[in-house]
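K.L.:
Here's my sequence, what's the structure:
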Amino acid sequence: ATVGTANVNLRNLGLNSTLVLLNGRRQVLSPDLDTDGSQFVDLNTFVPTIMIDRVEVLKDGASALYGTDAVAGVVNFITRKRFDGLRLEAQAQRYPDGGKEDSVAAMFGTHSDRDSLVVGLSFTKINDIPNYRKKYVMGTGFSSSGWPGVFTPVVSSTNPTVDAARSAGYAASGGLRDLDCAVIPGGVPLNPNTCATDFVGFFSLIPEQRRIQSYAVYTHDFSNDLTGFAEFGISRSETVRGQSAALTFLLTPIIIPSNNPGLINDSARRGVPVGPVRFTGKPIGGTPEANYRNSPGANAESFNNREVWRGAVGFDAKLPWLNDWSANGSLTYSRISTERIGFDTVGDRVKAALAGLGGVGCDRFTGTPGVGSCQFLNLYGSAYFAQPGSPLYNSPALFDWLQPNNYNNYKQQLYVADLVATGKVMDL
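P.N.:
Coordinates of the predicted model:
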């Protein structure tokens, strides 16, 4: 959930133990949760780095002043409040295997006797580096429930002779794993009864990212002792990453019925009687390369879009008539909206398609298996080699129906009012 984000974690005490401020003011937390459930201020949707004047870090615990979210310390980003002219920055980085990062930034500033305006804008684009391109990453995340999967004959209490023949035939043909496990890219035959998948290759070492950040700071001196300010910024980030194949169904087993073309073909190749089998593996498999090409048989990619609005108005005042006291106050508003678009496999649809009643327009109650708009799902490796028109072929339309888009939208906003007065009360 935190892909495409950046954060601060002082002393490694947890993301929600470090308070992140912008010009001394709190900012909205991202709705993206870390693995331990903590929230944080996303620095990738913060302000353009070209606008940052300095970063103040309080490495001691400050919970007495700021609360429990400052147990590890405080990080305060201070933006430029005065700048004259135009500043441009550009960076280009290149990595092996096609990865690259490009960024451009601009800052404009002007001021008069009483007014000052500074505006910053930046754009960053990062190309993804899929894990499957890195040899040192591959082979580190095997899942015993892979694709192609494992097929266990369902025992029939009425015909033990056929059950014995099927069991013997599976053992003689190499075990319960798919016959094509060793020849399909991504299949790892760990043993006769296990066809594993290295799911690490489906993810991104560096995900594809695009970020736009903007911020403006305006100040006006009403007098030598009173200054007002207004700040406003909008940031947006888009992240795309590879996603692993759908997980196996753990709570309800997948039973492939006897009329399934994939099962009939597999039984013929093994030389065993046709009968139902229990599938263990990932119903929607594919290879990492196909995953990144949005090919059928893979879950393709997930998308994370974030947009942040932030603004503040306030004043800084000197109070010479009150023993040189000073005061400052502000009203701050920040809001973050997160949209996630992913894919997930619908279990009921998988079971219907295994019986030949899958696809858009197929009526599960009145349709005829494998006829018209009703399609079979082939979970065997033979689907990888099948061509359109073959009963073993899985159409792209069927995959789209099996794994529809999954939309999630989150929004958080924060209102903060601050009023602080400092000065000397008495001499001790």
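
K.L.:
so what does the helix ranked longest in the chain touch, helix or strand wise?
P.N.:
The single longest helix within the chain, with elements called by DSSP state H, is helix 160-172. Here helix 160-172 touches strand 150-153, helix 261-270, going by 3 or more CB pairs under 8 Å, 6 or more residues apart in numbering; DSSP states H and E. Where C-beta positions appear, they are placed from N, C-alpha and C, glycine not excepted.

K.L.:
and the helix or strand just after that helix, what's its mean pLDDT?
P.N.:
Downstream of helix 160-172, the first helix or strand assigned by DSSP states H and E is strand 187-191. Averaged across strand 187-191, pLDDT comes to 84.

K.L.:
Name the residues of strand 187-191 that are buried.
P.N.:
Within strand 187-191, the residues that count as buried by 16 or more other CB atoms under 10 Å are 187-189.

K.L.:
Next, format those as TSV and append distance to Gly423.
P.N.:
Output for those, formatted as TSV (distance: CB to CB, whole Å):
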residue	distance to Gly423
Gly187	74
Val188	71
Pro189	77
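
K.L.:
Which member of those is positioned nearest Thr35?
P.N.:
The closest of the buried residues of strand 187-191 to Thr35 turns out to be Val188 (CB to CB; 26.6 Å).

K.L.:
list the contacts for that closest one?
P.N.:
By CB atoms under 8 Å, 6 or more residues apart in numbering, the contact list for Val188 reads 142, 146, 181, 195-198.

K.L.:
what bridges to it?
P.N.:
On the basis of DSSP bridges, Val188 is bridged to Ala196.

K.L.:
Among the helices and strands packed on helix 160-172, show me which one is buried the most.
P.N.:
strand 150-153 (a mean of 22; mean count of other CB atoms under 10 Å).

K.L.:
Run through the neighbouring helices and strands of that strand.
P.N.:
So strand 150-153, by 3+ CB pairs under 8 Å, 6+ apart, packs with helix 160-172, strand 277-280.

K.L.:
any idea of the mean pLDDT in that strand?
P.N.:
Mean predicted confidence for strand 150-153 is 90.

K.L.:
Also stretch 334-353?
P.N.:
88.

K.L.:
end to end, how far does that stretch reach?
P.N.:
47 Å (CA to CA, to the nearest Å).

K.L.:
buried residues in that stretch?
P.N.:
334, 336-338, 340, 342-343, 345, 349-353.

K.L.:
For the residues you listed, could you give me a markdown table that also reports secondary structure?
P.N.:
Below are the buried residues of stretch 334-353 laid out as a markdown table (DSSP: H, G, I helix; E, B strand; the rest coil):
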| residue | secondary structure |
| --- | --- |
| Ser334 | strand |
| Ile336 | strand |
| Ser337 | strand |
| Thr338 | strand |
| Arg340 | strand |
| Gly342 | strand |
| Phe343 | strand |
| Thr345 | coil |
| Arg349 | helix |
| Val350 | helix |
| Lys351 | helix |
| Ala352 | helix |
| Ala353 | helix |
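
K.L.:
just the residues you listed now: which is nearest Asp363?
P.N.:
Distances from Asp363 to the buried residues of stretch 334-353, taken by CB to CB, are shortest for Ala352, at 10.5 Å.

K.L.:
ok so, going back, mind giving me a markdown table with the buried residues of stretch 334-353 and columns for distance to Gly14?
P.N.:
Putting the buried residues of stretch 334-353 into a markdown table (distance: CB to CB, whole Å) gives the following:
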| residue | distance to Gly14 |
| --- | --- |
| Ser334 | 21 |
| Ile336 | 20 |
| Ser337 | 25 |
| Thr338 | 21 |
| Arg340 | 23 |
| Gly342 | 26 |
| Phe343 | 31 |
| Thr345 | 34 |
| Arg349 | 40 |
| Val350 | 39 |
| Lys351 | 42 |
| Ala352 | 45 |
| Ala353 | 44 |
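
K.L.:
rewinding a little: give me the contacts around the longest helix of the chain.
P.N.:
Here helix 160-172 has contacts from 151, 153, 155-156, 176, 192, 270-273, 275, using CB under 8 Å, 6+ apart.

K.L.:
Pull out the CA atoms of that helix and give them to me as PDB.
P.N.:
Provided in PDB are the C-alpha atoms of helix 160-172 (Å, rounded to 0.1, in the frame of the first residue of the first chain):
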ATOM      1  CA  PRO A 160     -12.400 -47.800  -6.000                       C
ATOM      2  CA  THR A 161     -11.000 -49.600  -9.100                       C
ATOM      3  CA  VAL A 162     -11.000 -46.400 -11.100                       C
ATOM      4  CA  ASP A 163      -9.600 -44.500  -8.200                       C
ATOM      5  CA  ALA A 164      -6.700 -46.900  -8.000                       C
ATOM      6  CA  ALA A 165      -6.100 -46.700 -11.700                       C
ATOM      7  CA  ARG A 166      -6.100 -42.900 -11.700                       C
ATOM      8  CA  SER A 167      -3.700 -42.700  -8.700                       C
ATOM      9  CA  ALA A 168      -1.300 -45.200 -10.400                       C
ATOM     10  CA  GLY A 169      -1.500 -43.200 -13.700                       C
ATOM     11  CA  TYR A 170      -0.600 -39.900 -12.000                       C
ATOM     12  CA  ALA A 171       2.300 -41.500 -10.200                       C
ATOM     13  CA  ALA A 172       3.600 -43.100 -13.400                       C
END
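
K.L.:
Check the helices and strands packed on helix 160-172 for me: which has the lowest mean pLDDT.
P.N.:
Taking the mean pLDDT of the helices and strands packed on helix 160-172, strand 150-153 comes last: a mean of 90.

K.L.:
how distant is it from the center of its chain?
P.N.:
Taking CA atoms, centre = their mean, to the nearest Å, one finds the center of strand 150-153 at 33 Å from the center of the full chain.

K.L.:
Secondary structure class of Val272, three-state.
P.N.:
With three-state DSSP as the criterion, Val272 reads coil.

K.L.:
quick one: contacts for it?
P.N.:
165-166, 169-170, 173.

K.L.:
Closest one of the residues you listed to Trp321?
P.N.:
Looking across those and measuring by CB to CB, the closest to Trp321 is Tyr170, at 93.8 Å.

K.L.:
low-confidence ranges in the stretch 151-300 of the chain?
P.N.:
Low-confidence segments of the stretch 151-300 of the chain (pLDDT under 70): 157, 244-252, 285-300.

K.L.:
tell me the angle of the longest helix of the chain relative to helix 261-270?
P.N.:
Orientation check (axes from the mean of the first three to the mean of the last three CA atoms, to 10 degrees): helix 160-172 against helix 261-270 gives 80 degrees.
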